[in-house]
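Asks: test case, fold it:
(one chain, ligands or ions: 1)
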Amino acid sequence: MNTAYTPQAFEEGSTALLAPDPVVRFENISRNYKMDHVEVPALQGVSGSIARARSTFITGPSGSGKSTLLNILGLLDRATSGTVDFLGEDVTQLSDRAAADFRSRHIGFVFQSFNLIPVLSVRENVEFPLLNQKMSAAARRERSMEYLEAVGLGDMVDRRPGEISGGQRQRVAIARALVSRPTLLIADEPTANLDSKTSRDIVALMERMQREHATSVLICTHDTDLISPTSTVINIIDGKTRQEQAQ
Ligand SMILES: Nc1ncnc2c1ncn2[C@@H]1O[C@H](COP(=O)(O)OP(=O)(O)OP(=O)(O)O)[C@@H](O)[C@H]1O
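Replies: Got it, this is the predicted structure:
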């Protein structure tokens, strides 16, 4: 174990919150929301990093700022101040169009509500992120089938999302998030609507895919039972962070 990454090295407010070989480093992120002309601080100077090909969990009480941080790191929202270095690039400086392009090339999302398109088949849902890539229809189909088989749904590809279980829908969402081979998989409460066994299976699946494809995985969850011993934990309380290396 590298002692540079013990929890003591990650004191609150430290700017040296470095994971080994990080793909993302964020420094002093603040985000204020405007409510009735009053600025409400959701994040107050949080710093940390996301290691390559590892799992990082964001935990913390309701309203502490977890989704706000996830949205900023996923380039879905902008920080009021602070920097996000993603693969060596300061992505806080990107235009909206460049941020959307960066997102489609490097980030896959899994949400608690699955966000599948109900009128498309399971296979068409997984193919969807590949439509704006330079790939033939046959290559798209082959790649989608590869990921659907990897998540154990090779025999359900012609069903609609309404014709499969919640756990199966979440597996489709994982295949869809990974099919474009992103650098970072972001999952916001991916197990919130699932029973505890299915939840553990879903996290195990994400971690297997992470090992096989060297993807970094960032998971926001209330459920600390899901956290694996080798992962990094970023704990947010009242908009401030503490990052710990679990092992
Ligand atoms: N669009 C918004 N406008 C105003 N305030 C917001 C907005 N989104 C979030 N907030 C506030 O910012 C704070 C952090 O919210 P956030 O959703 O990031 O917390 P969270 O830790 O993800 O909560 P939960 O676990 O309940 O989902 C909360 O006080 C919330 O009320």
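
Asks: show me what from the chain comes close to the ligand.
Replies: Residues of the chain that fall close to the ligand, judged by CB under 6 Å from any ligand atom: Tyr33, Met35, Val40, Ala42, Gly60, Ser62, Gly63, Ser64, Gly65, Lys66, Ser67, Thr68. C-betas here are computed from N, CA, C, even on glycine.

Asks: in CSV, list those along with pLDDT and neighbour count.
Replies: Output for the residues of the chain next to the ligand, formatted as CSV (pLDDT from 0 to 100; neighbours: other CB atoms under 10 Å):
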residue, pLDDT, neighbour count
Tyr33, 94, 12
Met35, 87, 8
Val40, 91, 11
Ala42, 95, 20
Gly60, 91, 22
Ser62, 90, 6
Gly63, 91, 11
Ser64, 92, 20
Gly65, 94, 24
Lys66, 93, 24
Ser67, 92, 16
Thr68, 95, 20
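
Asks: ok, now which ones touch Pro191?
Replies: For the record, residue 191 is Thr, not Pro. Contact analysis of Thr191 by CB atoms under 8 Å, 6 or more residues apart in numbering lists Gln112, Gln170, Thr198, Ser199, Ile202, Val203, Thr221, Asp223, Leu226.

Asks: gap between the first one and Thr92?
Replies: Spatial separation of Gln112 from Thr92 under the definition CB to CB, to the nearest Å is 26 Å.

Asks: residue contacts, the residue nearest the centre of the chain?
Replies: When the chain is reduced to its mean C-alpha position, the nearest residue by CA atoms, centre = their mean turns out to be Ile186, at 0.9 Å. With contacts taken as CB under 8 Å, 6+ apart, Ile186 has the following neighbours: Leu70, Leu73, Gly74, Ile107, Gly108, Phe109, Val110, Leu218.

Asks: nearest to the ligand among the residues you listed?
Replies: Within these, the smallest distance to the ligand is 7.5 Å, found for Leu70 (CB to the nearest ligand atom).

Asks: assumed that closest one was part of a strand.
Replies: No. Per DSSP: H, G, I helix; E, B strand; the rest coil, Leu70 lies outside any strand segment and is helix.

Asks: that one reaches Cys220, doesn't it?
Replies: Yes. With contact defined as CB atoms under 8 Å, Leu70 and Cys220 form a contacting pair (5.1 Å).

Asks: those two: which is more packed in?
Replies: Cys220 (23 against 20; other CB atoms under 10 Å).

Asks: per-residue confidence for the more buried one?
Replies: The per-residue pLDDT reported for Cys220 equals 93.

Asks: partner residues bridging it?
Replies: On the basis of DSSP bridges, Cys220 takes part in beta bridges with Ile58, Asp188.

Asks: what pLDDT is listed against the nearest residue to Leu130 once chain neighbours are set aside?
Replies: In space, Leu130 comes closest to Arg140 once its chain neighbours are excluded; the distance is 4.6 Å by CB to CB, 6 or more residues apart in numbering. According to the model's per-residue confidence, Arg140 sits at a pLDDT of 96.

Asks: what's the helix or strand for Arg140?
Replies: Under DSSP states H and E, the secondary-structure element containing Arg140 is helix 137-150.
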